[in-house]
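[1] my questions concern the predicted model and sequence given below.
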Protein chains: 2
Amino acid sequence: MVTLKQLAKELNVSISTVSKALNNSEEIGEDTIKRVKELAELYNYKPNRVALSLKQNKTKTIGVIIPDILNHFLAKVLFGIEREATLHGYNIITCISNETLDKEKEALQLLANGSVDGFILSVAQETQIKNEVNHFKKAISQGLPIVMFDRVAHDVLCDKVIVDDFDAVYNAAKVLLLEGRKKIGFISSIDDLSVGKLRERGYNKAILESNNQVPLVLRISKMEDSQLKIKAFLESNHIDGVIAADSASGVIAINTAISMGLNVPKDVSVIGFSSKFISNHSIPRLTSIRQHAKDIGANAAQLLIKRLQNKNASDSDVSTRIIKTSLIKNGSTL
Amino acid sequence: MVTLKQLAKELNVSISTVSKALNNSEEIGEDTIKRVKELAELYNYKPNRVALSLKQNKTKTIGVIIPDILNHFLAKVLFGIEREATLHGYNIITCISNETLDKEKEALQLLANGSVDGFILSVAQETQIKNEVNHFKKAISQGLPIVMFDRVAHDVLCDKVIVDDFDAVYNAAKVLLLEGRKKIGFISSIDDLSVGKLRERGYNKAILESNNQVPLVLRISKMEDSQLKIKAFLESNHIDGVIAADSASGVIAINTAISMGLNVPKDVSVIGFSSKFISNHSIPRLTSIRQHAKDIGANAAQLLIKRLQNKNASDSDVSTRIIKTSLIKNGSTL
DNA sequence: TTGGCAAGTTGTTTAAGGGTGACCATAATA
DNA sequence: TATTATGGTCACCCTTAAACAACTTGCCAA
């Protein structure tokens, strides 16, 4: 990598002349600017980002802590973050917490040494279960703003981007009720997450508002064979409507119902949280609640960058953006 | 963030005394070391990473350029890279090329200003189609080593981690032939990628070695409705065996066959490239060629870190690691 | 016509940002 | 007096920017 020093030496001027020339300073003559720029071009000079970061005390880098990169929704949010960040000249450093509190803490600590200007994160499963928030507060008090998305810690004062989980599932359940479904089941592999809980509550509310139905909930852990569990659930409860809280269960429910000889959507109607990509993995396609993951990511990045560029913003003046889901009707409902 | 300067001031010693004390230098007395460490602990001092990077001229950061984060395989590789990198104290900066040459170039350039010590990447689709490699060579000549995985540019001299695509598909086709399949089709939505071509060649070889079959290839573009295309393909050719080159097509082929009233695996046998996660999206589950994406990522990271830590390694002394796939038999084959 | 001075033009010097480490200085001990 | 223990000084990594220096030019008065 060429440095200012090398250019300066070759041009027989001082280092800062080169610097100023490249920054189009008024203080440098036109021809000098031209000479400098030509040589810089020739050597493909790029200001050293590390030196710049040190000087300006900001890295133009965002730390992103994702619980699970293999989760399609989270990956999509990351995609949205990356795009928005790049648009504004920010890089992203990605850490994966693997749903554990330890790795989340570690990532936060490790990057809080000047590596990043702020964080975007979704809270790890373990962290939500243990309801631990001190590591977040510590980072914020160190001057590193945090934006949380999807799974948020309500006790932490920071910008947030969330989904209308409760309403989305409530409305989805209403759709199934309107179809005349009598035994609507709820399948979730994320019942210990904040969003999972909200979704289940939305389901419960709708069911309890109907006259004569009781909630039928299947909770699956990540270790279990979901195909088997779902089959048993559908069979033993004579389910005729399914709402799936996670991205996989909806598709699996459709395939299971079909393998049981049922017709989807005639005998069983299914709605799930999923992307276009995954809803394609069943025939008929899964009617889906779309979370607009990319928008979530983009909004999170916007909030953080706005805060970073607005020095005098108060830490306590936080905002929460709610990204509305939309229900995409496909073949798995009437 | 606390700095050495602040600690030094509070302790009434010089900055470098603090630095040395924290690094357990022989030159500093035991009690001083103790005093310094205690205060550092109290203030939770962490050496500023940016300053360190500048001083030591290395960032302990790896640039990862991924064509598509929503591709489950690529996301899994990223997971493997992240884990291995973290293990060795490296951070990763992730850029997404979106399969375009421009963004790939841009990412490479943008990070080649001291932001990273080296790159791990998989070549973008457009780059492979246009067979452009200069941006890679430029980065390498600037002293930034590259490790390529999966989709590699053969004309670039660098470390590589690849999969035995050709053999994997050849062997998979042999499995179907042994089952007695008479009309084996090949479905690919990645025919313009290097790996897609290799897979197709493996299929062709096996088919041509059989006595009386001809290759039946369906190429799907990302825009098209794959469910429809696959249905037409299966119907018009009376396909009784399918090999899918990408992760989605296998699952879709099973679901399509079932929706056509066919029995899988009796009437149609299907093998695809997919992960455990996606192979769960059909009943029966998809018999899959596993690429061990995490291992690919880990190997790529190992190769890069090894090179970074081995100053005197020659640029031209490169190695290629082949990660063998394994065939996981599930219900979609006999 | 020319000396002198102000203003303008164009660069340079220097400090700063945080950390490390080679080298130097000082005091105490042998 | 020489040696050792301990800590300080300084240069460096690369960039920026405030402060400063030097040179040119223009203008006016003597």
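    Now that the structure is in, tell me what you want to look at.
[2] those strands in chain A, which residues are they?
    Under the criterion DSSP state E, chain A contains strands at A:61-66, A:91-96, A:118-121, A:146-149, A:159-163, A:184-188, A:216-219, A:241-244, A:269-273, A:287-290, A:320-323, A:326-328.
[3] ok, and does the last one reach over to chain B?
    This means strand A:326-328. No - counting by Cβ under 8 Å from any Cβ of the partner chain, chain B is not contacted by strand A:326-328; separation bottoms out at 15.2 Å. C-beta here means a position set from N, CA and C on the backbone, and glycine is covered the same way.
[4] how does chain A divide into domains?
    Described in terms of automatic domain parsing, the domain architecture of chain A consists of the residue ranges A:4-47, A:59-162+A:294-323, A:165-291.
[5] which residues of the stretch 101-250 of chain A lie near chain B?
    A:109-115, A:142-143, A:226-227, A:248.
[6] those residues also near DNA strand C: which ones?
    Within the set of those, contact with DNA strand C (Cβ under 7 Å from any atom of the strand) is found for no member.
[7] out of the residues you listed, who has the most neighbours?
    Neighbour counts for these peak at residue A:111, which has 25 neighbours (criterion: other Cβ atoms under 10 Å in any protein chain shown).
[8] is the closest residue to that one other than its chain neighbours in a bridge, and if so with what?
    Of all residues not flanking residue A:111 in the chain, residue A:63 sits nearest, at 4.3 Å (Cβ to Cβ, 6 or more residues apart in numbering or on different chains). Beta-bridge partners of residue A:63, counted by DSSP bridges, are residue A:93, residue A:119.
[9] tell me how far residue A:63 lies from residue A:113.
    Residue A:63 sits 11 Å away from residue A:113 when distances are taken as Cβ to Cβ, to the nearest Å.
[10] with residue A:21 instead?
    According to Cβ to Cβ, residue A:21 and residue A:113 sit 34 Å apart.
[11] now do residue A:165
    Residue A:165 sits 35 Å away from residue A:113 when distances are taken as Cβ to Cβ.
[12] surely residue A:162 touches residue A:319?
    No - Residue A:162 is not in contact with residue A:319 according to Cβ atoms under 8 Å; the separation is 11.4 Å.
[13] ranked by average pLDDT, which of the domains of chain A falls at the bottom?
    Of all these, domain A:4-47 carries the lowest average pLDDT, namely a mean of 89.
[14] is it positioned near DNA strand D?
    Yes - legend: contact between domain A:4-47 and DNA strand D by Cβ under 7 Å from any atom of the strand is shown at A:4-5, A:15-16, A:19-20, A:22-23, A:27, A:47.
[15] of those, keep whichever come out buried.
    The neighbour count (16 or more other Cβ atoms under 10 Å in any protein chain shown) marks A:4, A:19-20, A:22, A:47 as buried among those.
[16] near residue A:220, how many other residues are there?
    Burial measure for residue A:220: 22 neighbouring residues, criterion other Cβ under 10 Å.
[17] er, residue A:48 I mean
    20.
[18] next up, the contacts around the nearest residue to it once chain neighbours are set aside.
    Spatial nearest neighbour of residue A:48, chain neighbours left out: residue B:114 (4.3 Å); criterion: Cβ to Cβ, 6+ apart. When contacts are counted by Cβ atoms under 8 Å, 6 or more residues apart in numbering or on different chains, residue B:114 is found next to A:1, A:48-51, B:53, B:59.
[19] for residue A:75, which residues are in contact?
    Residues in contact with residue A:75, defined by Cβ under 8 Å, 6+ apart, are A:69, B:69-70, B:75.
[20] one more time with 10 Å
    Remark: with contacts taken as Cβ atoms under 10 Å, 6 or more residues apart in numbering or on different chains, residue A:75 is in contact with A:66, A:68-69, A:275, A:293, A:297, B:68-72, B:74-75, B:78-79.
[21] for residue B:274, see how far away it is.
    16 Å.
[22] which strand residues bridge the residue nearest to residue A:158 when sequence neighbours are not counted?
    Nearest residue to residue A:158, sequence neighbours excluded (Cβ to Cβ, 6+ apart): residue A:146, at 4.5 Å. Taking DSSP bridges as the rule, residue A:146 bridges to residue A:119.
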